[in-house]
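Chemist: Sharing a model prediction with you, sequence too.
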Amino acid sequence: MEKFMLLNDQVAVITGGGSGIGAATAELMAAAGAAVAILDRDEAAAAEEARKLSANGACALAIPVDVSQRVDIETALEKVVSTYGRLDIMVNNAGVTRPSRTLEVSEALWDHVISVNLGGVFWGSQAAFRYMKEAGYGRILTTSSTSSLGSFANASYASSKAGVVAMTRSLAMEFGKYGVTVNAVGPGMIVTPMTDDLPPEIKQRWIHKTVVGRLGEPMDVARVFLFLALPDSGYITGQMIFVDGGYTLPTMK
Ligand code: NAP
């Protein structure tokens, strides 16, 4: 990919960067000139992604992390800052989904989804803000979902993603005066390992409900993350941008 250096000299951390949307975001931010750190619980995937980016001439680091564990994130960010000397962009993207009818939801399932999707975003934002507050600059990004509006037989996921929107707005209110913006993206159905196993008829129904007539690609989301991460995007904060091909629009179909 051709380099365009919009993020020259900047350092970006991407959680869940070993796969799907996170990997595309790491790739795009590296192409824009950032040094990137890929944090993922899938150690092999993170290492492979970092290897690919380094082979393309980027500065890339892989760190195994469970984002639901506050100490994991804090230790990882210490490593990033001691390696690269700064932290400009924190993309809190790692997430899981465990679709289940309500009566089948166990305490373990509920705790897992909420601690990764909601806890992970909070601990990542908290840890990043410590450095960003000191520097007087930062871009914190979060991954919500169209499911924040409700999701059939997936209340744990929908609740976590709606929580991400409220968290994004709350953190934006607190962090703005320190030069730190906080924004969310809300992907629709994106072609990644997370959606691989969905039955073709569900995907077809989804496509029919979009207005652009296709599923999303990880790069569709990565481009919005890049836009929100730019120094020039500093007057946008507390927002959520749906990247869903118009899925959430009222449609006449
Ligand atoms: P993906 O391909 O499954 O990638 C997610 C990555 O996050 C995986 O490498 C996963 O590792 C990692 N991860 C999961 N739990 C983690 C944890 N506790 N700590 C660290 N890393 C962890 O999924 P994706 O589709 O790119 O999803 C990225 C984000 O977009 C998620 O927040 C998801 O909810 C959101 N999203 C996705 C879609 C979609 O249609 N794909 C739509 C809306 C929102 P493992 O492989 O080991 O789990």
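Modeler: Arrived safely.

Chemist: all contacts plus neighbour counts: C-alpha atoms, from now on.
Modeler: Will do.

Chemist: Gly22 contacts Gly95, correct?
Modeler: No: checked against C-alpha atoms under 8 Å, the pair Gly22 and Gly95 is beyond contact range at 10.0 Å.

Chemist: Pass me the low-pLDDT residue ranges in this protein, would you?
Modeler: 1-4, 252-253 (pLDDT under 70).

Chemist: how about the strands in it?
Modeler: 11-15, 35-40, 60-64, 89-92, 138-143, 180-187, 240-243 (DSSP state E).

Chemist: Now do the buried residues in the second one.
Modeler: Buried residues in strand 35-40, defined by neighbour count with 16 or more other C-alpha atoms under 10 Å: Ala35, Val36, Ala37, Ile38, Leu39, Asp40.

Chemist: mind pulling up the phi and psi values for Val67?
Modeler: Here is the backbone geometry of Val67 (degrees, to the nearest 10): phi -60, psi -20.

Chemist: So which of the buried residues of strand 35-40 reach the ligand?
Modeler: When contact is defined as C-alpha under 6 Å from any ligand atom, those meet the ligand at Asp40.

Chemist: Give me the neighbour count for Asp196.
Modeler: 11 (other C-alpha atoms under 10 Å).

Chemist: what does the one 4 residues further on give?
Modeler: By the criterion of other C-alpha under 10 Å, Pro200 has 10 neighbours.

Chemist: Next, the contact list for it, please.
Modeler: Not one residue lies near Pro200 by C-alpha atoms under 8 Å, 6 or more residues apart in numbering.

Chemist: which residues does the nearest residue to Asp220 once chain neighbours are set aside bridge with?
Modeler: Distances taken as C-alpha to C-alpha, 6 or more residues apart in numbering place Val243 nearest to Asp220, at 7.2 Å, with adjacent residues excluded. Applying DSSP bridges to Val243 gives these bridge partners: Pro187.

Chemist: Val11 too?
Modeler: Ala35.

Chemist: Relative to the ligand, how far out is it?
Modeler: As judged by C-alpha to the nearest ligand atom, to the nearest Å, Val11 and the ligand stand 19 Å apart.

Chemist: how close does that residue get to Arg101?
Modeler: Note on Val11: its distance to Arg101, by C-alpha to C-alpha, to the nearest Å, is 41 Å.

Chemist: Who has more neighbours out of the two?
Modeler: Between Val11 and Arg101, Val11 has the larger neighbour count (other C-alpha under 10 Å), namely 24 against 12.

Chemist: wait, the more buried one sits on Ala30?
Modeler: No: using C-alpha under 8 Å, Val11 is not in contact with Ala30; the gap is 9.2 Å.

Chemist: Overlap in contacts, those two.
Modeler: Going by C-alpha under 8 Å, 6+ apart, residues that sit against Val11 and also against Ala30 are Val36.

Chemist: which residues touch the residue nearest to Asp220?
Modeler: By C-alpha under 8 Å, 6+ apart, Val243 lies in contact with Val185, Gly186, Pro187, Gly188, Gly216, Asp220, Val221, Val224.
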